[in-house]
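Colleague: Sequence first, then the predicted structure:
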Amino acid sequence: MGFYVRNSTPNPIYVAVGYYDAGCSPVTYTKVGWYRITPGRSSLLVTGSSVNQTYYVYAYDTFNNVWDGNYFTYVPTTAFSMCWIERCQGAGCRRVGFDRVDVGNFINFTLNLINSTNGTSIPRNTRVSKKRKPKFILSRLSLKKLPGKLGKLGKIVRPLYGRLK
């Protein structure tokens, strides 16, 4: 009995899960990660009955595929187990959005993570990945030396012709 996640992609994925925990307050949910699931395998993430439970899942792989949602919290890049509202500290902390999974009347529930649907309909227990956009990091290598003065965030501001400043 429990909540399983199946990796139906050709790449290993890393999964974090949030679930009900009466020991956490004021928000009675805990978050645990990172589970590494190899391609074609399932992993038991939460033990116990899944009947009428709500889980929150965030997953990613190393090819910029991400399975996320609109329930945001902070997670570290290393293994963790903490209450939902706790924040991690330091450079390895990031804000991610978890996807809500309502199980319904199932003792065992398996969430299937896939890369694309190829135009077919997807079942209720399947989530499709999205491509994560690479973040722009401003560094001295991202600045080009061009004529004009440097404006906000490394953008080059060229003077308008015919105007004197």
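Modeller: Noted; the coordinates are in hand.

Colleague: Please make it C-alpha for all contacts and neighbour counts, starting now.
Modeller: OK.

Colleague: Name the residues of stretch 32-49 that come out as buried.
Modeller: Residues of stretch 32-49 classed as buried: 32-38, 42-43, 45-46 (neighbour count, 16 or more other CA atoms under 10 Å).

Colleague: Other residues contacting stretch 65-77?
Modeller: With contact meaning CA atoms under 8 Å, 6 or more residues apart in numbering, stretch 65-77 is reached by 56-60, 84-89, 92-100, 113, 115, 127-132.

Colleague: if we go to 6 Å?
Modeller: The contact list for stretch 65-77 (CA atoms under 6 Å, 6 or more residues apart in numbering) reads 58-60, 87-88, 92-99, 129-132.

Colleague: Please pick the buried ones from the residues you listed.
Modeller: Here, 16+ other CA under 10 Å leaves 58-60, 88, 96-99, 129 buried among the contacts of stretch 65-77.

Colleague: Neighbours of the nearest residue to residue 93 once chain neighbours are set aside, how many?
Modeller: Excluding its sequence neighbours, the residue lying closest to residue 93 (CA to CA, 6 or more residues apart in numbering) is residue 76, at 4.4 Å. Residues near residue 76, counting by other CA atoms under 10 Å, number 18.

Colleague: Residue 104 now?
Modeller: If we define neighbours as other CA under 10 Å, then residue 104 has 12 of them.

Colleague: Check the gap between it and residue 28 for me.
Modeller: From residue 104 across to residue 28, the span is 19 Å (CA to CA, to the nearest Å).

Colleague: same check, this time on residue 17
Modeller: According to CA to CA, residue 17 and residue 28 sit 14 Å apart.

Colleague: next one: residue 36
Modeller: Counting by CA to CA, the gap from residue 36 to residue 28 is 25 Å.

Colleague: Residue 13 too?
Modeller: For residue 13, the distance to residue 28 - CA to CA - is 27 Å.

Colleague: In helices, which of the buried ones among the contacts of stretch 65-77 appear?
Modeller: For the buried ones among the contacts of stretch 65-77, not one is inside helices, with DSSP state H as the criterion.

Colleague: Just the pLDDT for the spatially most central residue of the chain.
Modeller: The residue lying closest to the centre of the chain (CA atoms, centre = their mean) is residue 58, at 4.1 Å. With respect to pLDDT, residue 58 has a value of 96.

Colleague: check contacts around it.
Modeller: 15-16, 67-68, 98 are the contacts of residue 58 under CA under 6 Å, 6+ apart.

Colleague: go with 7 Å
Modeller: 15-17, 67-68, 97-99 (CA atoms under 7 Å, 6 or more residues apart in numbering).

Colleague: With residue 105 as the reference, measure out to it.
Modeller: Residue 58 is 22 Å from residue 105, by CA to CA.
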